[in-house]
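S.K.: Need coordinates for the following:
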Amino acid sequence: MASGAILAGDIGGTKTALAWVEDGTISASRAYPSPQYSSLADIVREFLAIAPVRRPRAACFGVAGPVVNGVAKT
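M.R.: Here you go, the predicted structure:
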């Protein structure tokens, strides 16, 4: 895989969906039950362990919920 992969995520209180996107194509994706993890970092680490690329060029996350003092709460 090329090193131009982007890690994309849809973060919510019920589930967190992560995907690798390369050249506009999703090459891998997986959904995780958000309440079973203590942080987004824990979910990302688990996804990186099974993902085709270990180090993305960039990451982008959409978070459902308010942001207060720079911190998102789902």
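
S.K.: rest of the way, CA atoms for contacts and neighbours
M.R.: Will do.

S.K.: Show me the beta-bridge partners of K15.
M.R.: P33 (DSSP bridges).

S.K.: shouldn't it be in contact with R30?
M.R.: No: counting by CA atoms under 8 Å, K15 stays clear of R30, with 10.2 Å between them.

S.K.: all strands for the protein, in order.
M.R.: Listed in chain order, the strands of the chain (DSSP state E) span 6-11, 15-22, 25-33, 58-63, 67-68, 71-72.

S.K.: Out of those strands, which is closest to I50?
M.R.: strand 25-33 (9.2 Å; CA to CA).

S.K.: Pull out the buried positions in the closest one.
M.R.: The neighbour-count check on strand 25-33 (16 or more other CA atoms under 10 Å) flags 28-29, 32 as buried.

S.K.: Kindly report the same for stretch 16-25.
M.R.: Quick answer for stretch 16-25 (16+ other CA under 10 Å): 16-22.

S.K.: and the gap between A5 and L40?
M.R.: 19 Å (CA to CA, to the nearest Å).

S.K.: Please tell me I have it right and P35 contacts T14.
M.R.: Yes: the criterion here is CA under 8 Å, and P35 meets it with T14 at 6.6 Å.

S.K.: Could you list the low-confidence segments of this protein?
M.R.: Scanning the chain for pLDDT under 70 picks out 1-3, 53-54.

S.K.: cutoff 90 now
M.R.: Applying pLDDT under 90 to the chain picks out residues 1-5, 13, 22-24, 27-28, 48-57, 63-68, 70-74.
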